[in-house]
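> Next come a sequence and a model predicted from it.
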Amino acid sequence: MQFTLPQQYFASEDIFHEEWERIFSDHWICVGRAEQLANPGDYFLKTIGHENIIILRDQEGQARAFYNICRHRGTRLCSQDRGHLKGSIQCPYHAWTYALDGRLTGVPSVHRMPEFDPADFPLHPVALELWHGIIFINLAPEPKPLATIFGDDLALFDPWRIGDLVTVTSIDYHVKANWKIIVQNFSECYHCPVAHPEFNRLTHFESGATIFEEGPLFGGTMIISRPDGGASLSGQRSAPPLQGIAVEALQELHFYHLFPNTLLILAPDHVVLYTLTPQAPNRTMIHCDWLFQPDTIANSDFDASDTVQLWDVTNRQDWFLCEQTQLGVQSRAYAGGPYYEFQESVLAAFDQRVLDALGHDAA
Ligand code: FES
Ligand SMILES: [Fe+2]
């Protein structure tokens, strides 16, 4: 029998700091969608622990990421959360200026420093990869490519053509729970009959199959009970099926976790992307995007609210339970409990991956 993690993994500042160093600063983490960088010069900022990263599209159209610090005296370069850069980034302090590919191109009075070569002082780059229109960054100096880490399993996502989809609605949830409690909640449906009356009407909690149990990709399927049903509050599809979905897969719902911070729901007619940003041992920000096909959205009759509401209602039911769990595991009486192996084996595997990443022998 496998047991849940000890209290310190949900409450300790020290372990939270270790997680920043060994998990969130050393793995590919989702930070957003390529559609947020529609044009050259578009940028947004992402805070990861104490770090602040500029994610931008350069003049050649390439997405890039840099630490948001000046090479002169370390000042933050950009202070607005998002915006448009007109071809360069200028430090607000002494006006050192950087091209959008990171080169230092302008230093006031540089002729007075003959020994100074601006080529030696580009912005500090951060590794960035685009996968199906999702932006991943990795703060490790020379990370292995994302495809190497997740391997051939990533081919499973191809039919949804996530990179072609467009965000219709986004919601930020501020949840008073540890990020691992949220991942664990997403990774099992043992709680669905009692917690999710709306969702439970659509699919039987034991209908699914685990496909990936070892990580770094976790998850599997559930089956929509009605042959023509959809994942929405009414039980109808909100849109025609996505173009790549096979007829025999029209009743499947897929739930995946890309370790550490990316959660995906793949439905026949839409995709929901969850990006987790831990903020404290007991707080996590969850950004949720609902994605649909562009030609669906272009249809004037299209209304995503039925689908958005299903997941929003379900999310809020989940966040309540996550917050109640956070409160419970902080109790002096909490001593860990046994996972239900028929529905929660993925959670035990996830815990082990966390421990391995932290270099902890055993919880
Ligand atoms: S700190 Fe940026 S130009 Fe001086
Ligand atoms: Fe749930």
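Cool, the structure landed. These numbers come from a predicted model, not from an experiment. Ligands and ions are numbered 1, 2, ... in the order given.
> Quick one: end-to-end length of stretch 175-192, please.
For stretch 175-192, the first and last residues are 19 Å from each other (Cα to Cα, to the nearest Å).
> hmm, I was thinking of stretch 61-78
20 Å.
> Buried residues, that stretch. List them.
For stretch 61-78, burial by neighbour count (16 or more other Cβ atoms under 10 Å) applies to 63-71, 77-78. All C-beta atoms are positioned from the backbone trio N, CA, C, and that covers glycine.
> give me phi/psi at Ala249?
Backbone torsions for Ala249, taken as degrees, to the nearest 10, come to phi -100, psi 10.
> Over to Phe255?
phi -130, psi 120.
> Among the buried residues of stretch 61-78, which ones are in strands?
Judged by DSSP state E, strands contain the following of the buried residues of stretch 61-78: 63-67.
> just checking: which of those also lie near ligand 1?
Near ligand 1, taking Cβ under 6 Å from any ligand atom as the test, no member of those is found.
> Tabulate the buried residues of stretch 61-78 in CSV, adding columns for pLDDT.
Putting the buried residues of stretch 61-78 into CSV (pLDDT from 0 to 100) gives the following:
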residue, pLDDT
Ala63, 98
Arg64, 98
Ala65, 98
Phe66, 98
Tyr67, 98
Asn68, 98
Ile69, 98
Cys70, 98
Arg71, 98
Leu77, 98
Cys78, 98
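> which one among the ones in strands among the buried residues of stretch 61-78 gets closest to Gly230?
Distance to Gly230 across these (Cβ to Cβ) is lowest for Ala63, with 32.7 Å.
> For beta bridges, what are the partners of Asp42?
On the basis of DSSP bridges, Asp42 is bridged to His84.
> residues touching it, list them.
Contact analysis of Asp42 by Cβ atoms under 8 Å, 6 or more residues apart in numbering lists 36, 56-57, 82-85.
> give me that answer again for 7 Å
Shown in contact with Asp42 (Cβ atoms under 7 Å, 6 or more residues apart in numbering): 56-57, 84.
> Type out the PyMOL command that picks the buried ones from the residues you listed.
Of these, the buried ones go into a single PyMOL selection, burial set by 16+ other Cβ under 10 Å:
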select buried, resi 56+57
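> returning to that earlier point: pick out the most distant pair among the ones in strands among the buried residues of stretch 61-78.
Maximum pairwise distance in those, criterion Cβ to Cβ, is 15.7 Å, between Ala63 and Tyr67.
> tally of neighbours for Glu341?
10 (other Cβ atoms under 10 Å).
> is it true that Tyr339 touches Val346?
No. Using Cβ atoms under 7 Å, Tyr339 is not in contact with Val346, being 9.3 Å away.
> who has more neighbours, these two?
Set Tyr339 next to Val346 and count neighbours by other Cβ under 10 Å: Val346 wins out with 24 against 21.
> For the closest residue to that one other than its chain neighbours, give its distance to ligand 1.
Ranked by Cβ to Cβ, 6 or more residues apart in numbering and with sequence neighbours excluded, the top spatial neighbour of Val346 is Ser187, at 4.8 Å. Using Cβ to the nearest ligand atom, to the nearest Å, Ser187 is found at 44 Å from ligand 1.
> wait, doesn't Val308 sit right on Thr169?
Yes. Counting by Cβ under 7 Å, Val308 does reach Thr169; the two are 5.0 Å apart.
> lowest-pLDDT helix or strand in this structure?
strand 209-212 (a mean of 91; mean pLDDT, DSSP states H and E).
> Quick one: residues in contact with it.
Here strand 209-212 makes contact (Cβ under 7 Å, 6+ apart) with 153, 218-221, 346.
> From the residues you listed, list the buried ones, please.
Among those, those buried by neighbour count (16+ other Cβ under 10 Å) are 218-221, 346.
> Any idea what the residue nearest the centre of the chain is bridged to?
By Cα atoms, centre = their mean, the chain has its centre lying nearest to Thr275, at 2.7 Å. Beta-bridge partners of Thr275, counted by DSSP bridges, are Thr262, His287.
> OK, contacts around it?
Thr275 makes contact with 30, 261-262, 287 under the criterion Cβ under 7 Å, 6+ apart.
> can you do 10 Å?
With contact set as Cβ atoms under 10 Å, 6 or more residues apart in numbering, Thr275 has these partners: 29-33, 46, 134-135, 170, 172, 261-263, 285-289.
> Output the least confident helix or strand of the chain as PDB, restricted to C-alpha atoms.
This file holds the C-alpha atoms of strand 209-212, laid out as PDB (Å, rounded to 0.1, in the frame of the first residue of the first chain):
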ATOM      1  CA  ALA A 209      -8.200   3.800 -18.600                       C
ATOM      2  CA  THR A 210      -4.900   5.000 -17.400                       C
ATOM      3  CA  ILE A 211      -2.500   5.200 -20.400                       C
ATOM      4  CA  PHE A 212       0.600   6.900 -18.800                       C
END
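> Which of the residues in that strand are classified as buried?
Buried positions in strand 209-212, judged by neighbour count with 16+ other Cβ under 10 Å: 210, 212.
> now the residue in the stretch 151-300 of the chain positioned nearest to ligand 1, what's its secondary structure?
The stretch 151-300 of the chain approaches ligand 1 most closely through Thr277 (27.0 Å), counting by Cβ to the nearest ligand atom. The local conformation at Thr277, judged by DSSP: H, G, I helix; E, B strand; the rest coil, is strand.
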